[in-house]
Each structure stands twice: as C-alpha cells, then as structure tokens.
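**Q** Need the 3D shape of this:
(one chain, ligands or ions: 1)
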Amino acid sequence: WILMVTARAPTNIAVIKYWGKRDEKLILPINDSISFTLDPDHLSATTTVAVSPSFTSDRMWLNGKEVSLGGERYQNCLREIRSRGNDVVDEKNGIVIRKEDWQRLHLHIASYNNFPTAAGLASSAAGFACLVYSLAKLMDVKEKYQGELTAIARRGSGSACRSLYGGVVKWQMGKETDGSDSIAVQLATEKHWEELVILVAVVSSRQKETSSTTGMSQSVETSELLRHRSQEVVPKRVLQMEEAIANRDFGSFAKITCADSNQFHAVCLDTSPPIFYMNDTSHRIINCVERWNRSEGTPQVAYTFDAGPNAVMYAPNRKVAGLLLQRLLFYFPPDSSKTFSSYVIGDTSI
Ligand code: DP6
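**A** Prediction:
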C-alpha cells in the first residue's frame, strides 16, 4: 500500500524584514518580521508526501530532480514531525499505521515550485512551509499549542514559518533559548485588505550569489548598522506597521515598507565584505516609484526587495496597479526574446 498527501503553500513577502539570527542552529531571529502571504495561484510550492512499507529510504525530488535529504534543516523538520505523528487508520484501504511506526517507515517527497528557485523570490519559504504542512497532515499531527507547526517550519528556513498562514503574518522573535516561542501568528486574514495588489517584477531569474543564510550571518558578524536596526529601529517599526495594516492606511504602510527594504539593503552594504543584492534595474525601479510618489504628494505604491534584484510592489487597488504596470512598461519596454511567464524587466545581473 501507499498513502499520500498533497498540499500547496504560497510564498510570503516581508514588509518588515528578517535579517540576522541569534541562534543559527535553531534559526532564531534577532528581530520580529511581518509579511503578506501571496495567493496560492502564484509563487507557490506543491508537495506530495508518500509513505509505503516498500520504501527503503527517505527520498526527495525537487522539480523532478532528486535532492539530498541529508542536510541538517531537512533532518530537523522530518525528526520534529515524526516524533509528533499519531495513529493513522484508513479503513477503506486496510491501512493501519501506529504512531511508533512513523520512526521506521520511509517517506518519498516530491515538490514543485512554480517560480525560479533561489532567485530571491523566497522559494525556500514556500517549500519548507509546504513540506511541514503536508507531513503533518500525513501523520495526523495535532498542534499542542497554536503555532507549533510554524516553529517546525522555521527549522527549515526562517521565513517559512510565516507561509503557514494566509493574509498578514508576524514572526515573533521570542525570548526562550529553546525557540518554543519563536512562532508565526496571523495578524489579519486575507479578507482584511482585499483590494491590495502585489506585483512582482522579475528583474533576473538567475540564482543569487550570496544566499540569505550566508549573507545574514556575515551581517550579524560585521554590521554595526544591523545592531542598531534590530535593537532600535525594528521594534518601533513593527508597532507602526501593525497600526498601518489594522487601519488599512496605505500611505503609512508604503512609507514603512520602502524604508525597511532600503535599510535592509543598507545593512547589506554595511556588511564586510559588502553584499549587493539589487542591481541597476532594481535602482531604476526605486527611482521610478519614488518620483511618482513624490509627484502625487502621497505614496501611490510601495516597493520592497529581498535577497535578490527582483522588485515586489504593493499597490492599494487594481486601478493603481494598472497605472504602475503602464509606467513600468514605459520605462522598461518588454524584451520579446525573454520567455518567462511573469513580466521580466531585462536580465541585467550584477
Ligand atoms: C531577505 O528565511 O531565506 O527574504 O532562515 O537562513 O533560511 P534562512 O533565511 P531566509 O531569509 C529570508 C530573508 C529575506 C527577508 C524576509 O523574508 O523576511
């Protein structure tokens, strides 16, 4: 017999960035972060997990290619979920799995991303959230406390903990040394700010040179600005952001979002050796948005960039999103030689 579960998880885009760990093994952050989870039709991971007595080892395929499950992050997620497995009985097919069986039964995992891996579009966030969720369903794991699954997804990739919920999500850094209170909580459902439109401009789909993991570890070691940011700036900003979101105050939301993205990239420059995630195209997009916002006297759209050159833009409604697209098309005429499904603005990698 074989028992399977399939799940889908979207990626999330942070408006208050997570950058820096206080514990690299447990993946505990140095500040809170806030993100919006995208709708699952775009930028999501789909994962099927299967268990069968005929499997002789744990195996995983990513976009059809076998990958190693030997890494510490995968092992931590698998161990944490397995130890919480419950009895699963499928009477129709005569399948009985006892909770202790999860320790010896092997798993096959197949995961697909519908967007470029490691291009700075947080594929690991969707991937680990989806892995943890589908395994938890397969093994009928019940949360002992709200957010327990998010703490397990966090062991795969920090930002993954925020992708287990839809809408607006906060990752609370927590205080405990064992990480039990470093969990994600939902601040608002996807219904709260339905008019908001998120637009992704794929500037480059090339793999980034410095992974987030390596980059943030170098920043923690060398950037004084990061210390200031995590201790002085983010705690206040998180409160302001929560208020802006609660009131659907787009002006404040946009100002804080852009400021936080810019400070995160300033921290990258303050790192030794400096890390450059944005390129010329990214800078031109910032200019284009800043000029538009200034000419209107009030923010029309917000931009934010993760560990890569791609721009994520937030517009207050479809009408403004349409105007934004018109502007982008004017400044960055589409290149017919590119065949990406999303709108690609050049491919001028640094
Ligand atoms: C810039 O979650 O990818 O996207 O915890 O080491 O796996 P690890 O890092 P990761 O870092 C994401 C950083 C970011 C900001 C954010 O999503 O908050």
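
**Q** Quick check, Cys258 in contact with Tyr303.
**A** Yes - between Cys258 and Tyr303 there is a contact under Cβ atoms under 8 Å: 5.9 Å. C-beta: built from backbone N, CA, C; applies to glycine.

**Q** list residues touching both of the two?
**A** Common contact partners of Cys258 and Tyr303 (Cβ atoms under 8 Å, 6 or more residues apart in numbering): Val289.

**Q** Near the residue nearest to Cys288 when sequence neighbours are not counted, how many other residues are there?
**A** Closest residue to Cys288 apart from its sequence neighbours, by Cβ to Cβ, 6 or more residues apart in numbering: Tyr331 at 5.4 Å. Residues near Tyr331, counting by other Cβ atoms under 10 Å, number 13.

**Q** Quick check: pLDDT value at Tyr331.
**A** Note on Tyr331: pLDDT of 87.

**Q** what about the helices in the protein?
**A** Remark: helices assigned in the chain by DSSP state H are 72-82, 123-138, 148-154, 212-222, 224-228, 234-246, 250-270, 280-296, 318-331.

**Q** is any part of the fourth one close to the ligand?
**A** Same thing as helix 212-222. Yes - with Cβ under 6 Å from any ligand atom as the criterion, the ligand is reached by helix 212-222 at 212-213.

**Q** Just name whatever secondary elements that helix is in contact with.
**A** Packing partners of helix 212-222 (3 or more Cβ pairs under 8 Å, 6 or more residues apart in numbering; DSSP states H and E): strand 21-23, helix 250-270.

**Q** got it, and the first one?
**A** Using 3+ Cβ pairs under 8 Å, 6+ apart, the elements in contact with helix 72-82 are helix 123-138, helix 148-154.

**Q** mind checking which of those helices is nearest Thr6?
**A** Nearest of the helices and strands packed on helix 72-82 to Thr6, taken as Cβ to Cβ: helix 123-138 at 6.7 Å.

**Q** Any buried residues in the closest one, and which?
**A** By neighbour count with 16 or more other Cβ atoms under 10 Å, helix 123-138 contains the buried residues 123-136, 138.

**Q** Name the nearest of these relative to the ligand.
**A** Nearest to the ligand, judged by Cβ to the nearest ligand atom, of these is Ser124 at 5.1 Å.

**Q** Could you export the helices and strands packed on helix 212-222 as TSV, including mean pLDDT?
**A** What follows is the helices and strands packed on helix 212-222, written out as TSV (pLDDT from 0 to 100):
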stretch	mean pLDDT
strand 21-23	98
helix 250-270	98
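
**Q** what's the most buried one of the ones you listed?
**A** A comparison of these by mean neighbour count, using mean count of other Cβ atoms under 10 Å, puts helix 250-270 on top with a mean of 20.

**Q** What would stretch 138-156 look like as PDB? C-alpha coordinates only.
**A** C-alpha atoms of stretch 138-156 as PDB (Å, rounded to 0.1, in the frame of the first residue of the first chain):
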ATOM      1  CA  LEU A 138       0.000  12.700   6.500                       C
ATOM      2  CA  MET A 139       1.000  11.800  10.100                       C
ATOM      3  CA  ASP A 140      -2.100  13.500  11.600                       C
ATOM      4  CA  VAL A 141       0.000  15.800  13.800                       C
ATOM      5  CA  LYS A 142      -2.100  17.900  16.200                       C
ATOM      6  CA  GLU A 143      -0.600  21.200  17.400                       C
ATOM      7  CA  LYS A 144      -0.200  21.200  21.200                       C
ATOM      8  CA  TYR A 145       0.000  25.000  21.100                       C
ATOM      9  CA  GLN A 146      -1.000  27.500  18.400                       C
ATOM     10  CA  GLY A 147       1.900  28.000  16.100                       C
ATOM     11  CA  GLU A 148       3.700  24.700  16.900                       C
ATOM     12  CA  LEU A 149       3.900  23.800  13.200                       C
ATOM     13  CA  THR A 150       5.300  27.200  12.400                       C
ATOM     14  CA  ALA A 151       8.200  26.600  14.800                       C
ATOM     15  CA  ILE A 152       9.000  23.400  12.900                       C
ATOM     16  CA  ALA A 153       8.900  25.100   9.500                       C
ATOM     17  CA  ARG A 154      11.200  27.700  11.000                       C
ATOM     18  CA  ARG A 155      13.800  25.000  11.400                       C
ATOM     19  CA  GLY A 156      13.800  24.500   7.600                       C
END
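
**Q** quick one: average pLDDT of it?
**A** Mean predicted lDDT for stretch 138-156 stands at 97.

**Q** which parts of the protein sit against the ligand?
**A** Contacts of the chain with the ligand, taken as Cβ under 6 Å from any ligand atom, map to 14, 17-19, 27, 33, 122, 124, 157-159, 212-213, 306-307.

**Q** make it 5 Å
**A** Residues of the chain found near the ligand (Cβ under 5 Å from any ligand atom) are 14, 17-18, 33, 157-159, 212-213, 306-307.

**Q** Most neighbours of all those, which one?
**A** Ser159 (29 neighbours).

**Q** Next up, the contacts around that residue.
**A** Per Cβ under 8 Å, 6+ apart, neighbours of Ser159: 12, 14, 18, 33, 35, 122, 124-125, 171, 212.

**Q** again with Val185
**A** Val185 touches 146-147, 165, 169-170, 172, counting by Cβ under 8 Å, 6+ apart.
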